[in-house]
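Trainee: Predicted coordinates and the sequence they were generated for:
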Amino acid sequence: MSDRFDLVIIGSGPGGYVAAIRASQLGLATAIVERERLGGVCLNWGCIPTKALLRSSEIKHYLDHARSYGLVAGEVGFDLAAVTERSRRIAGQLNAGVRHLMKKHRVTVVEGEATLSGPTRVRVGERVLEAGHVILATGARARELPHLRADGKRIWTYRHAMVPPAMPTELLVIGSGAIGVEFASFYADMGARVTIVELLDRILPVEDAEISAFVAKAFGKQGIAIRTGARVDSLVADAGGVTATIDGGEARFSHAIIAIGIAPNSETLGLEALGVATERGHVLTDPWGRTSVEGLWAIGDLTGPPWLAHKASHEGVVAVEAIANAPHAHPMDRGNIPGCTYSRPQVASVGLTEAAARDLGHEVKVGRFPLIGNGKAIALGEPDGLVKTVFDATTGQLLGAHMAGAEVTELIHGFCIARQCEATEAELMTTIFPHPTLSEAMHESVLDAFGRVLHI
Amino acid sequence: MPIDITMPALSPTMESGTLAKWLVRPGDRVRAGDVIAEIETDKATMEVEAVDEGEVLELLVAEGAEDVPVNAVIARLKGEGEDAAEPGPGDATEAGEGAVHRQARPEAPPAAGPQAQPAAAVPLAAAPAGRDGSDRPIASPLARRLAAIHGIDLAAIAGSGPRGRIVRADVEAAAGRARPAAAKAAPAAGAAAEPAAAAPPPVPADAPPVAPAAVPAQAPVALPETEVPFETVKLSNMRRTIARRLTESKTTVPHFYLTVDVWLDPLLELRAQINRALETQGIRVSVNDMLVKALGLALAQVPDANVSFAGDHLRRFRRADISVAVAVPGGLITPVIRDAAGKRLSAIAAEMKDLAARAREGRLKPEEYQGGTASLSNLGMHGIRQFDAVINPPEGLILAIGAGEKRPHVVDDALAIATVMSVTGSFDHRAIDGAVGAALMASFRALVEAPLAMLA
């Protein structure tokens, strides 16, 4: 049995399914292959279900502190199974939503494991899909190391941590990227004693150093222990818990989460036989998503960091528009991908850190504004936060923006738009920000960079 | 989807041109082959033919717009079977702005359409300023600031952003092109300093003959104030090219000059005989036609003079293509007689007549005036006795032909009256040494003085 399509997409995560919709809009006959669940990790095991969990822990946090808002709550507790169930239900809802979207856009969904028997020939079981173009969007999975392996009982990856069989009391989180920090925050708010171990010298190492320090301090206040510049040499689970050897010393935990990065799902596709260029499993592409093999494209986590859903989606659109020769198609600009971490405090950033900007030879002007100077933040009871902006001193280019605090993940797009439109400090300073909102802190940070800050 | 019509490259070296005239208006139907516009390059006016069939949707460049970069979109066609009402992305939001724009310009050229404004911005800005001063290139704030810092005219840059918007990368690319030249002219130029105004950008010998479009051909020269009444004459593209190329020639090509006096009577006699013979065919061979042939034959005899200097090597041509300077209104142009040595005189005469006529009408095709191997410039008809011509790079030599005049002449040790013509060759000493130049002059002289060899 053979089918012919203009485009076959392998993987239906936020890269694949968005690419499929865009392809359909552009009139391409499109098929999408999924071996597990439509929506991929993002919808089913990543972004969305973790946000559902974090919402529960956030509300628990507010209930724990009801008195500070003048409210009296009775005994605050939780039903872990119900919290998890809510997260799973939301994931299920979105999974069904993607199925609906595929149907609406007349995208053929093929269930099964895909292998490439040619650059544009995809085999799924007995079925062979012939395509004008193939987009690989197979994503990634949690990275493990020989001495750091999950067992699903005491030692978890993000996937286990999302459906915990029991509530950890003493939790070790190995790795302090977005995934590690979010689970640390969730379980700490749910009452676990959490320790974060990071190999590098600070947590959230891709963020601006000041933001890392800010979050480390906030975590410290919450009772989260942080060990930076530390290595977990071994991790041994037994019936009662986990023994970790950290820099030679042993420590005992009830559970551990391995969050040391992710590994691309590139092994089973048959890339080697086609001569597709890869680097440590990541498929190499140009800014349009072209691989080294004609007709074969790749997007998302499979192509390397940052491992972010919105990066995958955008790359999907870029590749499809290139395939369809759509007007106004533009190549991927990896310098303008925002990063968001949904811990408490939240972290959001776009562009260059101050250190990276200086390393690139920019003479910089830096603005900082603490949320304690923002009326709305105080009214919300969330005065801990920082907005940092980095400008090129000569050109006024907004090189980077870095935020920590309440709802900053909902604010960062303002700076993304500014960067995309190539606003300078002049446009940002003359923009009217609404009062009272947290967004005023963004304005103030810009003003501060040029010595015009108002509220500090 | 609309079909983009772009500024054609009418010659390999063309970087930009003036949109002299539109021959279609929005709403017109065109077929492949229809002439839709006239483009004035530095050398000639060319017709642009439609490649596709369809209805003209919009003209994006105003009539008279200068320095429209090659490949810039100048118009859009609605493809066959397409609904004109189908909105493109952004139409709805930009329609209002477009309408205002149109109102503001009552004499707007046909380019004013809802979609036209954004993409048209670059070229429109190059149009004669002043209608109402509202025309300006669409560029991001950052691009504007960078252009100001680098002293780059936005109107000379093609935008690569959405809908032709000029973005940072475009200005930086232009700045990168401009920098090597500017750096030589003003090594000490500070961050905000403009490239030294007076010095024309030196062009390396091995650079393509036409400088990148973004580099101002000649920076404005600050002339001293004067009380003498004057008018400002705008430079035509041709004038600019002459200025740039000949400055480049005189400043980078080491010229040397060799003059010979040539006895012309034998050639005049032969010419008279030939013209009597050709009278019935309506062909008249001019002295100049014969000199073109003589130069071609001389170069065949002295191939070491038929060369171009190319930086790290010489190009020695196996055919002599003679560029013949023709004065045209506002400048001069050099149509090329290909293989002058191999052509019959009658053929050269017919060809030269046609080329010269079309040169004066500005209707030469680029391949008709580019790529000669040596030049010939004749001011004899103006009574000039002798002059030195400027080499037309990358050619290696040019012959300057003076007037044939009766002079005392020694024939067989006796003073006689003869028609004598002074010819001066200008040679590129990087490629041609004195002895080779002298051999070439001697060959040329021998051919003119014994012209029957030209008929062999």
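Mentor: That came in fine, so what should we check first?
Trainee: So residue 318: helix, strand or coil?
Mentor: No chain was given, so I picked chain A. helix (DSSP: H, G, I helix; E, B strand; the rest coil).
Trainee: wrong one, I was asking about chain B
Mentor: Taking three-state DSSP, the label given to residue B:318 is coil.
Trainee: low pLDDT regions in the stretch 351-456 of chain B?
Mentor: Within the stretch 351-456 of chain B, no stretch has pLDDT under 70.
Trainee: what about the one residue in it that gets nearest to chain A, neighbour count?
Mentor: Going by Cβ to the nearest Cβ, chain A is nearest to residue B:366 of the stretch 351-456 of chain B, at 29.4 Å. Placement of C-beta: from N, CA and C, glycine included. A count of neighbours around residue B:366, defined by other Cβ atoms under 10 Å in any protein chain shown, yields 18.
Trainee: Identify the residues contacting the residue positioned nearest the centre of chain A.
Mentor: Centrality entry for chain A: nearest residue to the mean C-alpha point is residue A:308, 4.3 Å, by Cα atoms, centre = their mean. By Cβ atoms under 8 Å, 6 or more residues apart in numbering or on different chains, residue A:308 lies in contact with A:337, A:339.
Trainee: Quick check: the gap between it and chain B.
Mentor: Computed as Cβ to the nearest Cβ, to the nearest Å, the residue A:308 to chain B distance reads 23 Å.
Trainee: now swap in residue A:103 and tell me
Mentor: On the measure of Cβ to the nearest Cβ, residue A:103 and chain B end up 25 Å apart.
Trainee: contact partners of whichever strand or helix holds that residue?
Mentor: If you go by DSSP states H and E, residue A:103 is part of helix A:80-104. Applying Cβ under 8 Å, 6+ apart, the set of residues contacting helix A:80-104 from outside is A:12, A:17, A:20-21, A:32, A:37-39, A:43-45, A:48-50, A:52-53, A:56, A:109, A:162-164, A:166-167, A:190.
Trainee: If we use 6 Å, what do you get?
Mentor: A:17, A:37-39, A:43-44, A:48-49, A:52-53, A:56, A:109, A:163, A:167 (Cβ atoms under 6 Å, 6 or more residues apart in numbering or on different chains).
Trainee: Break down chain B into its helices, ranges please.
Mentor: Counting by DSSP state H, chain B has these helices, from start to end: B:91-104, B:116-126, B:141-150, B:168-185, B:237-252, B:265-278, B:287-301, B:345-360, B:366-369, B:434-449.
Trainee: out of the ones you listed, deepest packed?
Mentor: Each of those was scored by mean neighbour count; the highest is helix B:116-126, a mean of 26, by mean count of other Cβ atoms under 10 Å in any protein chain shown.
Trainee: Relative to residue A:338, how far out is the residue nearest to the centre of chain A?
Mentor: Distance of residue A:308 to residue A:338, computed by Cβ to Cβ, to the nearest Å: 8 Å.
Trainee: Check residue A:136 too.
Mentor: With Cβ to Cβ as the criterion, residue A:136 and residue A:338 are 24 Å apart.
Trainee: the more surrounded of those two?
Mentor: Higher neighbour count among residue A:136 and residue A:338: residue A:136, with 32 against 19, using other Cβ under 10 Å.
Trainee: from what I can see residue A:389 touches residue A:400, true?
Mentor: No. If you go by Cβ atoms under 6 Å, residue A:389 and residue A:400 don't touch, sitting 7.4 Å apart.
Trainee: The two: which has the busier surroundings?
Mentor: Neighbours were counted for residue A:389 and for residue A:400 using other Cβ under 10 Å; residue A:389 has more, 31 against 24.
Trainee: Three-state assignment for that one, please.
Mentor: Once three-state DSSP is applied, residue A:389 turns out strand.
Trainee: now swap in residue A:230 and tell me
Mentor: Of the three states, residue A:230 takes coil under three-state DSSP.
Trainee: do the same with residue A:349
Mentor: Going by three-state DSSP: residue A:349 is strand.
Trainee: Mind pulling the model confidence for it?
Mentor: Predicted confidence (pLDDT) for residue A:349: 98.
Trainee: burial count for the residue of the stretch 351-456 of chain A found nearest chain B?
Mentor: Chain B sits closest to residue A:422 of the stretch 351-456 of chain A, with a gap of 3.3 Å, by Cβ to the nearest Cβ. As a burial measure, residue A:422 scores 25 neighbours (other Cβ under 10 Å).
Trainee: helix or strand for residue A:417, which one?
Mentor: Counting by DSSP H and E, residue A:417 is found in helix A:412-420.
Trainee: in that helix, what counts as buried?
Mentor: By 16 or more other Cβ atoms under 10 Å in any protein chain shown, the buried positions in helix A:412-420 come out as A:412, A:414, A:415, A:416, A:418, A:419, A:420.
Trainee: From what I see, the fourth one and residue A:337 are in contact.
Mentor: No. With contact defined as Cβ under 6 Å, residue A:416 does not count as touching residue A:337 (8.7 Å).
Trainee: What is the burial count for residue A:453?
Mentor: Neighbour tally, residue A:453, other Cβ under 10 Å: 17.
Trainee: Test my guess that it contacts residue A:443.
Mentor: No. Under the criterion of Cβ under 6 Å, residue A:453 is not in contact with residue A:443, lying 9.4 Å apart.
Trainee: who in the stretch 251-400 of chain A is up against chain B?
Mentor: A:327, A:328, A:395, A:396, A:397 (Cβ under 6 Å from any Cβ of the partner chain).
Trainee: repeat that for 10 Å
Mentor: With Cβ under 10 Å from any Cβ of the partner chain as the criterion, the stretch 251-400 of chain A comes near chain B at residues A:324-328, A:330-331, A:333, A:363, A:392, A:394-398.
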